[in-house]
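>>> Structure for the following, please:
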Amino acid sequence: SGAESWAACEVSEGAEEMTEPLKQGSAWLHAYFCEPARMESLPVPAFHHPLLQQDSFTRQVLWTLLRDVKFGEAVSYKQLANMAGNGRAARAVGGAMRSNPIPIIIPCHRVIRSSGQSGNYGGGTLLKEWLLSHEKLQKEKL
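So this is what the prediction gives:
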């Protein structure tokens, strides 16, 4: 199917010249799309984005999401606000998702509306729904 060919995993030419962080990122994304069972054993690539260095609620939300919402799981904006320490900040969680500098690795696609609807996503609703169903299908196989 089209989704499977989209996720066909090949590292491009010149891989031997990649820096260590790029190799880590490439290995992580390869595992995400093609071998999810390996993800638990891989280090999360190093992040150096300024947003993830400063002390802010956005940073707290993004790190909480990365650390606590696992592959194949979903969480509501309100639940994530609670997990990050401020249950009344569901709107701020939405803002944090919009400013996520590393989508997929920091899995903002796993944050959905309390109603169960997928909600907004920077890459578009279809991509968000594809990522969620990819994770659900892969988790069922594991």
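>>> tell me the strands in the chain, going along the chain?
Secondary structure of the chain, counting by DSSP state E: strands at 75-76, 111-112.
>>> what's the most buried one of those?
strand 111-112 (a mean of 22; mean count of other CB atoms under 10 Å). The way it works is simple: take the backbone N, C-alpha and C, and place the C-beta from them, glycine included.
>>> ok so, going back, a markdown table for the strands of the chain, including mean pLDDT and distance to Met97?
Listed next are the strands of the chain as a markdown table, based on pLDDT from 0 to 100; distance: least, CB to CB, whole Å:
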| stretch | mean pLDDT | distance to Met97 |
| --- | --- | --- |
| strand 75-76 | 97 | 11 |
| strand 111-112 | 96 | 6 |
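>>> Save these as JSON lines, and put in distance to Asn100 too.
Rendered in JSON lines, the data for those read as follows (distance: least, CB to CB, whole Å):
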{"stretch": "strand 75-76", "distance to Asn100": "14"}
{"stretch": "strand 111-112", "distance to Asn100": "10"}
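>>> For Gly124, find the nearest of the ones you listed.
strand 111-112 (14.9 Å; CB to CB).
>>> and the residue nearest in space to the middle of the chain, what does it touch?
Per CA atoms, centre = their mean, the C-alpha nearest to the average position across the chain is that of Pro107, at 1.7 Å. Counting by CB atoms under 8 Å, 6 or more residues apart in numbering, Pro107 makes contact with Leu65, Leu66, Val69, Phe71.
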